[in-house]
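**Q** After the sequence you'll find the predicted model.
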Amino acid sequence: MLTGLVAFAESADWGEKRGWLLQAAGLIALAVYWFVLDPKSEAFEYVGIPRFMVLLLTAHLFTAVAPYLNKRSVADFWEYNRELFANIVIGGVFTMILFAGLALAILAVDQLFDLHIRSERVYPRLFVLLAGVFNTSYFLFHFPQKYEFSDADAGYNAVFKNLCKYILIPIVGLYFLILYTYGGKIIATWSLPRGWVSSLVLGFSVAGIFTYLLNFYLPEHDDSAWARAFKRWFWWIQLPLTALLFVAVARRIGDYGVTEMRFLVAHLGVWLALTCLYFLFSKHDNIKYIPISLGLFLPWHSPSGR
């Protein structure tokens, strides 16, 4: 959240003093939220943790869109997030390589010198240290230094092209094939879908939207009919699956009642339906709509308890 506040202040050309005041306000808000949390509550597992995860996701969405809440171009917004994604992936790979190397070194020292190292404590702490300090430092060090990009900066390198064309799009296509086949089975047998299908549709939809965003400008840089077809038809294919999500979660609620997680799935289903309609009938296809609408939509999920 603090990173997003910095990016917002920089993009708005705020002075250093106003930027620090904004970060201080954010830090105070986080401190207040810490004292509001009640881990000892009986409902914490069902209420506190889901709400924390929602706020965590909202903070990430805010960072993704913070410098572009003004009228900066959609192309700049896409390039900025492409750099963020690349930094996350590369930082994660470096972190895992470093963890594997240090873990093997610790194992070698332990075996050679009979130190009897408590592996159940050392290795998890090593991972947390690298993921929390090294990986975060790497990401922030390579954070985009500007929010406007020239034509020379933007575009797809070979890795992103191959990732979209030969890995992500085929995988999402396979997901859709599985769900549409299951939908055909429902129609053929005239039976209600299983409740867990709603979570499956939601998870596959996340993968599909992520692929759609990465693929958004690919048809302009590559003549692949595969990429153009995915961009053109994705939301039309997604819409019937959204209907399947509502039928499945309705059955689950009808059989077992409303819980925080089921309400959240239904809540996200409403957002997914509205997003499908926006991209199907809007003339602009502004991809900033996705993080902004989701960031505003998520915190309004069920205020009730378990």
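**A** Great, that's in hand.

**Q** which helices and strands does the longest helix seen in the chain pack with?
**A** The longest helix of the chain (DSSP state H) is helix 74-113. Here helix 74-113 touches helix 49-65, helix 119-129, helix 135-141, helix 197-214, going by 3 or more Cβ pairs under 8 Å, 6 or more residues apart in numbering; DSSP states H and E. The C-beta positions use only the backbone N, C-alpha and C, and glycine is treated the same way.

**Q** now the ones you listed as JSON lines including mean pLDDT, distance to Trp271 and mean neighbour count?
**A** Listed next are the helices and strands packed on helix 74-113 as JSON lines, based on pLDDT from 0 to 100; distance: least, Cβ to Cβ, whole Å; neighbours: other Cβ atoms under 10 Å:
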{"stretch": "helix 49-65", "mean pLDDT": "90", "distance to Trp271": "12", "mean neighbour count": "17"}
{"stretch": "helix 119-129", "mean pLDDT": "90", "distance to Trp271": "33", "mean neighbour count": "12"}
{"stretch": "helix 135-141", "mean pLDDT": "94", "distance to Trp271": "27", "mean neighbour count": "14"}
{"stretch": "helix 197-214", "mean pLDDT": "89", "distance to Trp271": "10", "mean neighbour count": "19"}
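
**Q** quick one: the longest helix of the chain to helix 119-129, angle?
**A** Interaxial angle, helix 74-113 versus helix 119-129 (axes from the mean of the first three to the mean of the last three Cα atoms, to 10 degrees): 150 degrees.

**Q** Helix or strand with the lowest mean pLDDT in the protein?
**A** Ranking every helix and strand in the chain by mean pLDDT, DSSP states H and E puts helix 158-162 at the bottom, with a mean of 82.

**Q** tell me which residues in that helix are buried?
**A** Buried positions in helix 158-162, judged by neighbour count with 16 or more other Cβ atoms under 10 Å: 160-161.

**Q** before we move on, what about stretch 226-238?
**A** By neighbour count with 16+ other Cβ under 10 Å, stretch 226-238 contains the buried residues 226-227, 230-231, 234-235, 237-238.

**Q** ditto for stretch 69-76
**A** Neighbour-count burial for stretch 69-76 flags 74-76 (criterion: 16+ other Cβ under 10 Å).

**Q** Mind checking which of the buried residues of stretch 226-238 land in strands?
**A** Using DSSP state E, no member of the buried residues of stretch 226-238 sits in strands.

**Q** Can I get the helix or strand just after the least confident helix or strand of the chain as PDB, trimmed to CA atoms?
**A** The element immediately downstream of helix 158-162 (helix or strand, assigned by DSSP states H and E) is helix 169-189. The C-alpha trace of helix 169-189 is given here as PDB (Å, rounded to 0.1, in the frame of the first residue of the first chain):
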ATOM      1  CA  ILE A 169      -3.500 -19.000 -24.200                       C
ATOM      2  CA  PRO A 170      -3.500 -22.800 -24.800                       C
ATOM      3  CA  ILE A 171      -3.800 -23.400 -21.000                       C
ATOM      4  CA  VAL A 172      -6.700 -21.100 -20.700                       C
ATOM      5  CA  GLY A 173      -8.300 -22.700 -23.800                       C
ATOM      6  CA  LEU A 174      -7.900 -26.100 -22.100                       C
ATOM      7  CA  TYR A 175      -9.600 -24.700 -18.900                       C
ATOM      8  CA  PHE A 176     -12.500 -23.400 -21.000                       C
ATOM      9  CA  LEU A 177     -12.800 -26.700 -22.900                       C
ATOM     10  CA  ILE A 178     -13.100 -28.600 -19.600                       C
ATOM     11  CA  LEU A 179     -15.700 -26.300 -18.100                       C
ATOM     12  CA  TYR A 180     -17.800 -26.100 -21.300                       C
ATOM     13  CA  THR A 181     -17.700 -29.900 -21.500                       C
ATOM     14  CA  TYR A 182     -18.900 -30.100 -17.900                       C
ATOM     15  CA  GLY A 183     -21.600 -27.500 -18.800                       C
ATOM     16  CA  GLY A 184     -22.700 -29.800 -21.700                       C
ATOM     17  CA  LYS A 185     -22.900 -32.700 -19.200                       C
ATOM     18  CA  ILE A 186     -25.200 -30.600 -17.000                       C
ATOM     19  CA  ILE A 187     -27.500 -29.900 -19.900                       C
ATOM     20  CA  ALA A 188     -27.400 -33.500 -21.100                       C
ATOM     21  CA  THR A 189     -28.200 -35.000 -17.700                       C
END
